[in-house]
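**Q** pasting a predicted model and its sequence here:
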Amino acid sequence: MSQINIADLPLNEQTRLSNLRDHKDGLLKEIHQLQNTLSRVNNELAAISVIEDPEERNKLYLIGRKKFNTNPKAGIKYLIEHRLLENDPENIAEYFISCKDLRKQSIGEYLGEKEDFNIKVMEHFIGKQNFRGQPLVPSLRQFLNSFRLPGEAQKIDRLMECFAKKYCEQNPNSFKASDGCFVLCYSIIMLNTSLHNTSVKEKITLEKFLQMHKDIEGCEDISEDLLFNLYENIRSEPFKSPDEDGNELGQAFYNPDRAGWLFKLGSGYRSWKRRWFVLNEMCLYYFESDNDKSPKGIIPLESICVRMVEDKSRPHTFEIYSNASEVIKSCKAEPKGKLVEGRHSVYRLAASTYEEMSAWTNAIQ
């Protein structure tokens, strides 16, 4: 059968075919748009269903928090993508203040970034703190305890400048301008480093500290009495980074998935010892006492299996072992507290009752 040449058709037929083609193209375009809309709606419905499941929501929230503590930018992105945080600077700032399990160092890293969004988060973060009626040094101590100051000079500049503005807004009679407050805050940090950092050999004397501020613009009205009191305050009580107050591992022990006493079979003397165990964020920690801050050992649970076993020396026994290698990737504390790599191929544990054994094995699995 020979093909029909459209050009040979009457003009009205050519027009009709052209209209049909345009109509077909329009329908295909509408179908494509509907498919995209349907896909987006399905994704939104799936996200909503995840959020409405409390157990799944807690799991995602825990993952996001852990991501933030190791990579602040990636952690915030994860929490926003899973609708656990709003893509809003004020909401993120409130999260930094309200969540007690975030590393202060990670908060400082995020606040110090120069991107516009991070700067807005920083402004809200500082704006939510109250310095009204407080002297400068206690206010600065309070501020620097809410995060860990990053090491880069530009990041410190941005944070101190924003703090100085907020402090002067809340204490309008303290300084004529926020520039003077900013300079003084920076001087206080330098003084603290000079007086209390052992690597700094030449310490700033009181005379030098007083002289430093005589010719600085914005500090003309700062009295020597105020500078003297600032110097003595910092000399007698250094600033402390918030992470210095405790072991960073301590962050993992808030709101654990499970905690309690278990018996652990020692690998050396093959004797059972009672230990306090904490399960959280895919790791199992054990301590000599439930009051200890530093663990005796850490067992990451990635690629780990658990099985119930019979042991003549103790009932309600189970084992933790690796299904990926012969040795479990764990670590333990030496007598002086240093963590070294463990060489266990299996950990044998025992509970006081069958119910406790079942609860622990289920939680670990």
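**A** The structure has been received and is ready for your questions. Residues are numbered from 1 along each chain as shown.
**Q** okay, the host helix or strand of Ile188 in PDB with CA atoms only?
**A** Applying DSSP states H and E as the criterion places Ile188 in helix 178-196. Taking Å, rounded to 0.1, in the frame of the first residue of the first chain, the C-alpha atoms of helix 178-196 are listed here in PDB:
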ATOM      1  CA  SER A 178      28.300  48.200  69.700                       C
ATOM      2  CA  ASP A 179      31.700  48.600  68.100                       C
ATOM      3  CA  GLY A 180      33.200  49.300  71.500                       C
ATOM      4  CA  CYS A 181      31.500  46.300  73.000                       C
ATOM      5  CA  PHE A 182      32.700  44.100  70.100                       C
ATOM      6  CA  VAL A 183      36.400  45.300  70.600                       C
ATOM      7  CA  LEU A 184      36.200  44.600  74.300                       C
ATOM      8  CA  CYS A 185      34.700  41.100  73.700                       C
ATOM      9  CA  TYR A 186      37.500  40.200  71.300                       C
ATOM     10  CA  SER A 187      40.100  41.600  73.800                       C
ATOM     11  CA  ILE A 188      38.600  39.400  76.600                       C
ATOM     12  CA  ILE A 189      38.900  36.300  74.400                       C
ATOM     13  CA  MET A 190      42.500  37.200  73.500                       C
ATOM     14  CA  LEU A 191      43.200  37.800  77.200                       C
ATOM     15  CA  ASN A 192      41.800  34.500  78.200                       C
ATOM     16  CA  THR A 193      43.900  32.700  75.600                       C
ATOM     17  CA  SER A 194      47.000  34.600  76.700                       C
ATOM     18  CA  LEU A 195      46.600  34.000  80.400                       C
ATOM     19  CA  HIS A 196      45.400  30.300  80.400                       C
END
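**Q** what packs against that helix?
**A** Helix 178-196 makes packing contacts with helix 136-144, helix 153-170, helix 206-212, helix 224-236 when contacts are defined by 3 or more Cβ pairs under 8 Å, 6 or more residues apart in numbering; DSSP states H and E. (Glycine included, C-beta is placed from N, CA and C.)
**Q** in the chain, what helix or strand scores lowest on average pLDDT?
**A** helix 11-52 (a mean of 68; mean pLDDT, DSSP states H and E).
**Q** follow-up on the earlier one: of all the helices and strands packed on helix 178-196, which lies closest to Pro295?
**A** helix 136-144 (28.5 Å; Cβ to Cβ).
**Q** can you get me a residue count around Leu284?
**A** Leu284 is flanked by 25 other residues according to other Cβ atoms under 10 Å.
**Q** can you classify Ile320 by secondary structure?
**A** strand (DSSP: H, G, I helix; E, B strand; the rest coil).
**Q** then stretch 226-241 to CSV, C-alphas only?
**A** Extracted C-alpha coordinates of stretch 226-241, given in CSV (Å, rounded to 0.1, in the frame of the first residue of the first chain):
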residue,chain,number,x,y,z
LEU,A,226,36.2,48.4,84.3
LEU,A,227,39.3,47.1,82.4
PHE,A,228,41.0,46.3,85.7
ASN,A,229,37.9,44.3,86.9
LEU,A,230,37.7,42.5,83.6
TYR,A,231,41.4,41.5,83.8
GLU,A,232,41.1,40.2,87.3
ASN,A,233,37.9,38.3,86.5
ILE,A,234,39.5,36.5,83.5
ARG,A,235,42.7,35.9,85.4
SER,A,236,41.0,34.3,88.4
GLU,A,237,38.4,32.3,86.4
PRO,A,238,39.2,31.3,82.8
PHE,A,239,36.6,30.7,80.1
LYS,A,240,35.9,27.0,79.5
SER,A,241,34.8,25.4,76.3
